[in-house]
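Participant: Got a predicted structure plus its sequence, pasted below:
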Amino acid sequence: MKKLEGRTALITGCNRGIGRAIMQELVTEGANIIACTREQTSEQDVFYMRCQSEYGVQIYPVYFDLSDGDAIRIALKEIYSLKLFIDILVNNAGILNTDGLLRLKLEDAHRVMQVNYFAPLQLTQGIVKLMLRSKSASIINVASIAALKPTVGNTVYGASKAALVSMTTCWAKELAPAGIRVNVVAPGYLNTDMSAGVDAKVMAQLVDDTLLKRLGTPEEVAKVVSFLASDDSSYINGEIIKITGGV
């Protein structure tokens, strides 16, 4: 039996990068997925159909923008209409901003905080009620090494992820009596679309900063998330798991 067979996971940001890798890993382990993305694409539709056919799972697409609180409220109503209990919640979606202090626009800072902090807070408040009947409920938040290792240009992105880390440890204590575990992963430098636009010299320095002297992959993060979602991690709660190659 697959370790997540029969369970339902809600994942935000399934369209690319870490989110897509997490979805792929969880369906491989038998989980049904409520796949949350900002908009529908034909490429995503094909991916969902392949997952259902290949792994015998159910995919429930839900489309909304995490920068819009009203859209999140509408999405929660749609999720509730599915009449499903949720075992796993992965708050993965996030946006990046690397502007320095003097270049940073306050409206951009507000948007980063909305997507990276307030949206997971609002979504989790709604979803927790659907997790109370699960015998193996697990929430995994996806932060960043930027939350733990401040660098130039991370005034708002690092702060938003640090807030997510702090929120995770609070939730772990608050939800433990209900049998819901809450952990956070902090990926380091990964080979993703986000890293593709980084200056080559800067990227070379980032790689050199790791003990393993390479970028990580979304799939390596996804395997850790899958572990935290499963009963294999049943005694892990309130932890910050770094996935950095040794930074």
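Facilitator: Sure, I can see it.
Participant: CA only for contacts and neighbour counts going forward, please
Facilitator: Noted.
Participant: The closest residue to S136 other than its chain neighbours: what's it in contact with?
Facilitator: Spatial nearest neighbour of S136, excluding adjacent residues (C-alpha to C-alpha, 6 or more residues apart in numbering): D87 at 6.4 Å. D87 makes contact with 7-9, 131, 134-138 under the criterion C-alpha atoms under 8 Å, 6 or more residues apart in numbering.
Participant: Next: S230.
Facilitator: Here S230 is in contact with 3-4, 136, 138 (C-alpha under 8 Å, 6+ apart).
Participant: do that again at 7 Å, thanks
Facilitator: Counting by C-alpha atoms under 7 Å, 6 or more residues apart in numbering, S230 makes contact with 3-4.
Participant: before we move on, back to that, which of the contacts of D87 lies closest to D231?
Facilitator: S136 (6.9 Å; C-alpha to C-alpha).
Participant: Can you tell me how far the closest one is from G69?
Facilitator: 29 Å (C-alpha to C-alpha, to the nearest Å).
Participant: what does T8 give?
Facilitator: Taken as C-alpha to C-alpha, the span from T8 to G69 is 24 Å.
Participant: Among those two, which residue is more densely surrounded?
Facilitator: Neighbours were counted for T8 and for G69 using other C-alpha atoms under 10 Å; T8 has more, 26 against 17.
Participant: Am I right that A186 sits in a strand?
Facilitator: Yes: looking at A186 with DSSP: H, G, I helix; E, B strand; the rest coil, it is inside a strand.
Participant: quick one: contacts for G179?
Facilitator: G179 sits in contact with A137, where contact means C-alpha under 7 Å, 6+ apart.
Participant: can you give me the mean pLDDT across the longest helix that the chain contains?
Facilitator: Looking across the chain with DSSP state H, the single longest helix is helix 157-175. The pLDDT scores in helix 157-175 average 97.
Participant: could I get that helix in PDB with only the CA atoms?
Facilitator: Only the C-alpha atoms of helix 157-175 are listed here, as PDB (Å, rounded to 0.1, in the frame of the first residue of the first chain):
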ATOM      1  CA  TYR A 157      10.800  38.300   1.000                       C
ATOM      2  CA  GLY A 158      13.000  37.100   3.900                       C
ATOM      3  CA  ALA A 159      10.700  38.800   6.300                       C
ATOM      4  CA  SER A 160       7.600  37.200   4.800                       C
ATOM      5  CA  LYS A 161       9.200  33.700   5.000                       C
ATOM      6  CA  ALA A 162      10.400  34.400   8.600                       C
ATOM      7  CA  ALA A 163       6.900  35.300   9.500                       C
ATOM      8  CA  LEU A 164       5.700  32.000   8.000                       C
ATOM      9  CA  VAL A 165       8.300  30.100  10.100                       C
ATOM     10  CA  SER A 166       7.200  31.800  13.300                       C
ATOM     11  CA  MET A 167       3.500  31.100  12.400                       C
ATOM     12  CA  THR A 168       4.300  27.400  11.900                       C
ATOM     13  CA  THR A 169       5.800  27.000  15.400                       C
ATOM     14  CA  CYS A 170       2.700  28.700  16.800                       C
ATOM     15  CA  TRP A 171       0.300  26.500  14.900                       C
ATOM     16  CA  ALA A 172       2.200  23.400  15.900                       C
ATOM     17  CA  LYS A 173       1.500  24.200  19.600                       C
ATOM     18  CA  GLU A 174      -2.000  25.300  19.000                       C
ATOM     19  CA  LEU A 175      -3.200  22.400  16.800                       C
END
